[in-house]
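[1] sequence first, predicted model second:
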4 protein chains.
Amino acid sequence: MTRSEAPRRKRANGVESRQRILDATVEIAGERGYDGTSIAAVSAKCGLPASSIYWHFKDKDDLIAAVIERSFETWLTAVELPDETEGTSLDRVTVMAANIARSLLDAPDFLRLGLMLALERRPTEPRGRTVFLQVRDISRQRIADTVRTLYPELDEAAVRTLTTYAVAGADGLFIQREISGDDVDLVAVFQLHAQLIHDAANRMAARSEA
Amino acid sequence: MTRSEAPRRKRANGVESRQRILDATVEIAGERGYDGTSIAAVSAKCGLPASSIYWHFKDKDDLIAAVIERSFETWLTAVELPDETEGTSLDRVTVMAANIARSLLDAPDFLRLGLMLALERRPTEPRGRTVFLQVRDISRQRIADTVRTLYPELDEAAVRTLTTYAVAGADGLFIQREISGDDVDLVAVFQLHAQLIHDAANRMAARSEA
Amino acid sequence: MTRSEAPRRKRANGVESRQRILDATVEIAGERGYDGTSIAAVSAKCGLPASSIYWHFKDKDDLIAAVIERSFETWLTAVELPDETEGTSLDRVTVMAANIARSLLDAPDFLRLGLMLALERRPTEPRGRTVFLQVRDISRQRIADTVRTLYPELDEAAVRTLTTYAVAGADGLFIQREISGDDVDLVAVFQLHAQLIHDAANRMAARSEA
Amino acid sequence: MTRSEAPRRKRANGVESRQRILDATVEIAGERGYDGTSIAAVSAKCGLPASSIYWHFKDKDDLIAAVIERSFETWLTAVELPDETEGTSLDRVTVMAANIARSLLDAPDFLRLGLMLALERRPTEPRGRTVFLQVRDISRQRIADTVRTLYPELDEAAVRTLTTYAVAGADGLFIQREISGDDVDLVAVFQLHAQLIHDAANRMAARSEA
DNA sequence: AATGAATGAGGATTCATTCAT
DNA sequence: AATGAATGAATCCTCATTCAT
């Protein structure tokens, strides 16, 4: 709504414009989902006319997909998994959980939008959804790797189950936090989650040895 | 062009029409979310003209809220929590988890739509979202009650944490199932969830006694 | 542009509205072709909002197709072919040519639009084009029938050739008239056309007898 | 993202670019008419960015007009009218008709576009239309000259009528061919056309002598 | 209880064109 | 000679909603 900041900008700068558009889009799409994100709203928020958005992105689908891609990259670098950490496996799982929790607090738009897309079931699936599921799978595999490293006695079925459970818990806790706001101490509750997973891993390992 | 072709419209029946509209709406809204649900689409799916939908419901907001309400009721009666079951607390938690898992498999539209609404963050919140959060809270309290009954030694903070964790896990596992389809054995994974909650409850009880 | 004629019309009247829309569309589409016909222009000319046009017609394609259909019907009834006429075959061909010429002078929008559509070669053909080619074929068959009746000695190949030539001449002369306006006496030149076709028919008949 | 990937753009060559643009435009405009031809489509087909098209042509109108001009020239040189041919006037008319028929088979885009333009009736006439009508008139005069040469007894009114009829037939037969494709033997049917014109000329000559 | 028709606002996207480089 | 980026107007069409019947 403030117009004063744009005193007839002329120097065309594609890269910056693209970023501005993406910035505006994460915000809006993270709040209102795919259908709730209108190009007009993005245009208003980023200051570029709607038609300019179409110079940078083929269509809305392409735009949302690009948002997911970029957000995932930023998020990934924000998670900074210190896999080399010394300590017991419980320590390491706990640190990891805290890291993930913190990263989610910083980039909630990404996951919120992603989950909304993931929940939808349209006949023609938005590309953004596909992309989200792909990058989500990348994260999932990282977690699986960590599980394998920390609990080498586990067989693949157990690893898969634990990973599923770990991811599901993360999603669920994130949602809880989105609903209840600061009532939920995300870091604390993620650490409980880590603890339980650790217990489960140990029990499974014991069982498989027997 | 001839008028006589009307196929002997069965005597208008308000109740049935209302149901047809609601049926159409759960399906569409469960697949595409709030913004993705157009009155025209609902009209097409239920066979009644758009204007008829407005005879039964004040506006789109009202319609979606009604859908949530009805779906919740159906779901509640489907869960059939056998609180009176004899057996160890682990047994009882496990049975309960299986019941919930099964009920979610039957009414996925309800939870899918609800979660989509819950994740959104619009300036003027749809009434459907409010309703969903309310009914969700009802479920939450039932779970809290069960936890209190099964693990009477727990203090209120612990009960709250466990309940949060239980609900979060349920949401997360549901999402996982929505994404991966039959790859996820929802009942099995819910039972693991129950197990871990049971362990956590016992550890917490032990700690609070100390 | 004159607004005064519409003092808040309320009495909904589907049939009349439909006609108004079609009337506006023939005119515009007859002048500017498919792409040149904007829904906004039609809306402006008929006084109904653009969205109302979509109540009556599925989309632009459907609208144009409907225009062709209706125009063809009006044109057909305007041609009034007096097949029963007594007289020499030349007389009868000449009368027929004059009739067609006159009907074309009255409904030039129809043929102009149709020919524009016929000339186009888009990857996905507008339904209006299909419809035009169909109704055109109906006319063609009527002409073929007349030729068969008037010159019974002709074999089918000859009938086909003559019909093709007759239709082609009609199209070409119509175009000439569209370009040159009143410089071309359409009735006169159509009668010349009839004459030449008559000669050709006789020559062909003579040849086939030999 | 690296700039070095540009594939060694061959030294800019204005003339060639201009040709490429014109080539793309005939094709598109010949298929879809004036309004149906978008600069973006031309740009996509010729590989040059839209802004480059505006370096070579003032605006869309100018581009279409240029296309008509160039196409007419190519067509003219393709017709190769052998006016000096010996033989009866019927022979010569027939040869000429065959030549024209063949030339139309080779450059259908030109005439298709031209006829579409000619049929349109917009308030502000595209320059391409004007140009087409002009070049068409040049052809018309050549035909009139030929008629005058071959049938010197005809008065000017007769020459004009015959020319009109000749051109109209050509247009109509071309259209027929565009619609029906290979069902129409354009050369054969043009020869019938020539024959009939020849007959008409003779009859007119006889009449004017009487 | 229901519906045909209408409507203004807004949806995504494309348009022809310009301008600085 | 060419182009990346931008832009306002216009495109087709859908939206939620209303209203007279």
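    Noted; the coordinates are in hand.
[2] mind checking if the helix or strand harbouring A:Val93 is in reach of chain B?
    Here A:Val93 sits within helix A:89-106, counting by DSSP states H and E. No: judged by CB under 8 Å from any CB of the partner chain, helix A:89-106 and chain B are separated, with a smallest distance of 12.4 Å. For every residue, glycine as well, the C-beta is placed using N, CA and C.
[3] same thing with stretch A:112-121?
    Yes: applying CB under 8 Å from any CB, one finds stretch A:112-121 touching chain B at A:112, A:115-116, A:118-121.
[4] got the CA positions of that stretch in PDB?
    Only the C-alpha atoms of stretch A:112-121 are listed here, as PDB (Å, rounded to 0.1, in the frame of the first residue of the first chain):
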ATOM      1  CA  ARG A 112       2.500 -24.900   5.900                       C
ATOM      2  CA  LEU A 113       2.200 -24.500   2.100                       C
ATOM      3  CA  GLY A 114       3.700 -27.800   1.500                       C
ATOM      4  CA  LEU A 115       1.300 -29.600   3.800                       C
ATOM      5  CA  MET A 116      -1.700 -27.800   2.300                       C
ATOM      6  CA  LEU A 117      -0.600 -29.000  -1.100                       C
ATOM      7  CA  ALA A 118       0.100 -32.500   0.100                       C
ATOM      8  CA  LEU A 119      -3.400 -32.800   1.600                       C
ATOM      9  CA  GLU A 120      -5.100 -31.700  -1.600                       C
ATOM     10  CA  ARG A 121      -6.300 -34.300  -4.000                       C
END
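[5] what's the mean pLDDT across that stretch?
    For stretch A:112-121, mean pLDDT is 97.
[6] so which helix or strand takes in the closest residue to A:Ala97 other than its chain neighbours?
    Leaving aside its sequence neighbours, A:Ala97 sits nearest to A:Ala194 (CB to CB, 6 or more residues apart in numbering or on different chains; 3.6 Å). A:Ala194 is part of helix A:186-209, with elements assigned from DSSP H and E.
[7] where's A:Arg121, which helix or strand?
    Counting by DSSP H and E, there is no helix or strand that carries A:Arg121.
[8] hmm, back to that, would you check which of the residues of stretch A:112-121 next to chain B are in contact with DNA strand F?
    Subset of the residues of stretch A:112-121 next to chain B in contact with DNA strand F: empty, counting by CB under 7 Å from any atom of the strand.
[9] narrow these to those in strands?
    Secondary structure from DSSP state E places none of the residues of stretch A:112-121 next to chain B in strands.
[10] dump these to a markdown table, plus neighbour count.
    Shown next, in a markdown table, are those (neighbours: other CB atoms under 10 Å in any protein chain shown):
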| residue | neighbour count |
| --- | --- |
| A:Arg112 | 23 |
| A:Leu115 | 25 |
| A:Met116 | 27 |
| A:Ala118 | 22 |
| A:Leu119 | 25 |
| A:Glu120 | 22 |
| A:Arg121 | 16 |
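[11] how near is the closest residue to A:Ala29 other than its chain neighbours to chain C?
    Leaving aside its sequence neighbours, A:Ala29 sits nearest to A:Thr37 (CB to CB, 6+ apart; 4.3 Å). Plainly put, A:Thr37 is 23 Å away from chain C if you go by CB to the nearest CB, to the nearest Å.
[12] check A:Glu156 too.
    Distance of A:Glu156 to chain C, computed by CB to the nearest CB: 50 Å.
[13] likewise for A:Arg203?
    Counting by CB to the nearest CB - A:Arg203 and chain C are separated by 62 Å.
[14] mind checking pLDDT for that residue?
    Confidence at A:Arg203, expressed as pLDDT, is 89.
[15] can you report phi and psi for A:Arg122?
    phi -80, psi 150 (degrees, to the nearest 10).
[16] what number of residues lie near the nearest residue to it once chain neighbours are set aside?
    Nearest residue to A:Arg122, sequence neighbours excluded (CB to CB, 6+ apart): B:Arg32, at 5.7 Å. By other CB atoms under 10 Å in any protein chain shown, the residues close to B:Arg32 number 22.
[17] ditto for A:Asn13
    A:Asn13: 10 surrounding residues under other CB under 10 Å.
[18] look up how far A:Arg203 lies from it.
    Per CB to CB, to the nearest Å, A:Asn13 is found 57 Å from A:Arg203.
[19] pull out the buried positions in stretch A:49-62.
    Residues of stretch A:49-62 classed as buried: A:52-53, A:56-57, A:60-61 (neighbour count, 16 or more other CB atoms under 10 Å in any protein chain shown).
[20] now tabulate the residues you listed in TSV and tack on secondary structure and pLDDT.
    Output for the buried residues of stretch A:49-62, formatted as TSV (DSSP: H, G, I helix; E, B strand; the rest coil; pLDDT from 0 to 100):
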residue	secondary structure	pLDDT
A:Ser52	helix	98
A:Ile53	helix	98
A:His56	helix	98
A:Phe57	coil	98
A:Lys60	helix	98
A:Asp61	helix	98
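[21] farthest pair in those?
    The span of these, defined through CB to CB, is set by A:Ser52 and A:Asp61 at 17.5 Å.
[22] show me the shaky parts of chain A.
    Counting by pLDDT under 70, chain A has low-confidence residues at A:1-12, A:81-85, A:209-210.
[23] what ranges do the helices span in it?
    A:14-36, A:39-46, A:50-56, A:60-79, A:89-106, A:108-119, A:127-150, A:156-180, A:186-209 (DSSP state H).
[24] highest average neighbour count across the ones you listed?
    Scoring those by mean neighbour count under mean count of other CB atoms under 10 Å in any protein chain shown gives helix A:108-119 as the most buried, with a mean of 24.
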